[in-house]
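Undergrad: Just a sequence and a predicted model for now, questions to come.
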Amino acid sequence: MMEGNHYKKGLWTVEEDKMLTDYVGIHGEGRWSRIAKTTSLKRNGKSCRLRWMNYLSPNVKRESFSEEEEDLIIRLHTLLGNRWSLIAGRVPGRTDNQVKNHWNTHLKKKLGIVKAKSNESNSSLKHTHKDDEIGEDPVPLRDLPSKRPRCSNDSGIVETDQGEDGSFQATNTMDSNSKVHLMSEYLFSPVLVSNDDLFTSAPTLMELMDGDGNPLDMFWHQF
DNA sequence: AAACCTGCCAACCGCGATGGT
DNA sequence: TACCATCGCGGTTGGCAGGTT
């Protein structure tokens, strides 16, 4: 709890990276807060964990995103919204931070997602580049439990639907046929089917539509 | 050449969840 | 049950690099 403010911040040096890598090599991942106590690395636990998970871990891909990865992210985002850790979990070698950054800097533009101005009179407001972005989340976070993977009941979730502009919007009024169509489109598209792991763990449409629970519930367990 | 602008991404922050005592 | 340490998530920021004026 008490991670004081005497810890170093900012970009990591090569020496710091080596210290952290050596530490993980000896002690394994976890117990991040002990690093500063047992080594001369003056980084707090959170910083160490983030550096390892997002950069130093051998599981992290450093090359550019491929077309296939981008397509997969787009599809997963349609289903999951800004659940970056869940999305990243389905994109081998990519971290939630990588996925989030790539979405915000590349994929939004690729999809032509821009914030819908509520009215033109607002155009005189001071512009910042962040103002261009929207809450593009197809399932607004306010409608979801804050920490979905840890929630046992997921009431209040809504499905996604494609809007006139091609972006996906939240809706809870979709009929069953539309649900089947949408689910099958995403689950059994060539991109997803090409992913062995996802394919083997993908449910059937009957499973999707079965029961009185939310038809998307299974995603939170499968992804 | 210098100032300014923009894009990008690594890292930070705040918060909630979890697990141990 | 309460408290504390730790972990993990999503949003946001800071700063560098390259482009433009």
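TA: Noted; the coordinates are in hand. From a predicted model like this one, the values you see are computed outputs, not experimental measurements.
Undergrad: Next up, the contacts around A:Arg94.
TA: A:Val60, A:Lys61, A:Phe65, A:Glu69, A:Ala88 (CB atoms under 8 Å, 6 or more residues apart in numbering). (Each C-beta comes from the backbone N, C-alpha and C, glycine too.)
Undergrad: Of these, grab the buried ones for PyMOL.
TA: In PyMOL syntax, the buried subset of the contacts of A:Arg94 is picked out as below (16 or more other CB atoms under 10 Å):
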select buried, chain A and resi 65+69+88
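Undergrad: buried residues in the helix or strand containing A:Glu68?
TA: In this assignment (DSSP states H and E), A:Glu68 forms part of helix A:67-80. For helix A:67-80, a neighbour-count test (16+ other CB under 10 Å) marks A:Glu69, A:Glu70, A:Asp71, A:Leu72, A:Ile73, A:Ile74, A:Arg75, A:Leu76, A:His77, A:Thr78, A:Leu79, A:Leu80 as buried.
Undergrad: With just CA atoms, put that helix into CSV.
TA: In CSV, the C-alpha atoms belonging to helix A:67-80 read as follows (Å, rounded to 0.1, in the frame of the first residue of the first chain):
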residue,chain,number,x,y,z
GLU,A,67,-3.5,-6.9,-41.1
GLU,A,68,-4.8,-10.1,-39.5
GLU,A,69,-4.1,-8.7,-36.0
GLU,A,70,-5.9,-5.5,-36.8
ASP,A,71,-8.9,-7.3,-38.2
LEU,A,72,-9.1,-9.5,-35.1
ILE,A,73,-8.8,-6.5,-32.8
ILE,A,74,-11.5,-4.7,-34.7
ARG,A,75,-13.8,-7.7,-34.4
LEU,A,76,-13.1,-8.3,-30.8
HIS,A,77,-13.6,-4.6,-30.0
THR,A,78,-17.0,-4.8,-31.6
LEU,A,79,-17.9,-7.5,-29.2
LEU,A,80,-16.0,-6.4,-26.1
